[in-house]
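> what's the 3D shape of this:
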Amino acid sequence: MDVPVRRLAVVTGASRGIGRAIALRLARDGADIVGVGSSIEGLADAAADVHALGGRFDPLAADLADPDAALALAAEIGRRHGTPDVLVQAAGINRRAAAAEHATSDWDDVIGVNLRSPFILARELGRGMVERGDGKVVFVASLLSFQGGLTVPGYAASKGGIAQLTKALANEWAAHGVNVNAVAPGYVATDMNEALQADPVRFRQISERIPAGRWASPDDIAGAVAFLASEDAAYVHGVVLPVDGGWLGR
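From the prediction side, this is the model:
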């Protein structure tokens, strides 16, 4: 009896929140995981959970605000594992400030982590997918890929860029068997949104605006990513899929 070959999925931002949920869901679906976080120590819990599911977890640390670190990360993944089957880019940061006071250093950090490094990793690892004729790239976009938001100009710009990058790569790579898509989460109960959840007025205003009547859990986003990373999405290219409880349809 042939033993099924396990897929290899690279997941950035795998130490917590949406990224961790994605890593666990893909492991549950039969993938081995290369989990990327800001520190090896921060990836320990995700590694233990993947091991408990019978999968392998290779932790790698990288400062994705640094373009050289993104290049080095891609090279290390290639050296250790070759070209992955799936690349999910969930790492992200935010800096809140009114636009007139938004520091250039904050802008550079947010664009670096949320847009520049995802492009570098997609370029470096996607090259092998194109040559092989198979692969899945899934970006994590945002509601702010479609809307401007308030006091988050860098974040909105980065996530708008991710939406356009998704389409640009899909246009070039679809004919080579590589699916490039994105999920666009709505309001998710993670530590990135702790300030909003702790503000009773904003929390109520946002919750009342969501037709589903609740904020998303990280698992809600992971399920959509699992679909886009699967063969069920073989004819899905260049889509930015809102997972927002109906927010954009209201």
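
> Can you tell me which helix or strand of the protein has the lowest average pLDDT?
Taking mean pLDDT, DSSP states H and E as the measure, helix 194-198 is the helix or strand of the chain with the lowest mean score, a mean of 76.

> what helices or strands is it leaning on?
When contacts are defined as 3 or more Cβ pairs under 8 Å, 6 or more residues apart in numbering; DSSP states H and E, helix 194-198 packs onto helix 200-209. Every C-beta, even on glycine, is put in place using the N, C-alpha and C of the backbone.

> contacting residues for Asn171?
Taking Cβ atoms under 8 Å, 6 or more residues apart in numbering as the criterion, Asn171 is in contact with Gly238.

> quick one: contacts for the residue nearest the centre of the chain?
Centroid-nearest residue in the chain: Ala90, 2.2 Å away (criterion: Cα atoms, centre = their mean). By Cβ under 8 Å, 6+ apart, the contact list for Ala90 reads 11-14, 17-19, 22, 140.

> if we can go back for a sec, mind listing what's buried along the least confident helix or strand of the chain?
Gln197 (16 or more other Cβ atoms under 10 Å).

> Likewise for stretch 66-82?
Under the neighbour-count criterion of 16+ other Cβ under 10 Å, stretch 66-82 has 69-71, 73-74, 77 buried.

> got it, and stretch 156-176?
Residues 156-163, 165-166, 169-170, 173 are the ones in stretch 156-176 that count as buried (16+ other Cβ under 10 Å).

> Output these in TSV, with secondary structure appended to each entry.
TSV is the format used below for the buried residues of stretch 156-176 (DSSP: H, G, I helix; E, B strand; the rest coil):
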residue	secondary structure
Ala156	helix
Ala157	helix
Ser158	helix
Lys159	helix
Gly160	helix
Gly161	helix
Ile162	helix
Ala163	helix
Leu165	helix
Thr166	helix
Leu169	helix
Ala170	helix
Trp173	helix
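
> And the residues you listed, which is closest to Arg7?
Closest approach between these and Arg7, by Cβ to Cβ: Trp173, at 18.1 Å.

> Can you tell me which of the contacts of Ala90 has the most neighbours?
The most crowded member of the contacts of Ala90, judged by other Cβ atoms under 10 Å, is Val11 (36 neighbours).

> Could I get the phi/psi values of that residue?
For Val11, the backbone dihedrals are phi -130, psi 120 (criterion: degrees, to the nearest 10).

> Return the set of residues that bridge with it.
Assessed by DSSP bridges, Val11 has beta-bridge partners Gly35, Val88.

> per-residue confidence at it?
Here, the pLDDT recorded for Val11 equals 98.

> Contacts only, for it.
Contact partners of Val11, counting by Cβ under 8 Å, 6+ apart, are 19, 22-23, 26, 33-36, 88, 90.

> how about 10 Å then?
18-27, 31, 33-37, 46, 50, 57, 84, 86-91, 138, 222, 225, 229 (Cβ atoms under 10 Å, 6 or more residues apart in numbering).

> Now list the buried members of these.
The neighbour-count test (16+ other Cβ under 10 Å) marks 18-27, 31, 33-37, 46, 50, 57, 84, 86-91, 138, 222, 225, 229 as buried among the contacts of Val11.

> Among those, which ones are in strands?
Among the buried ones among the contacts of Val11, the ones falling in strands (DSSP state E) are 31, 33-37, 57, 86-89, 138.
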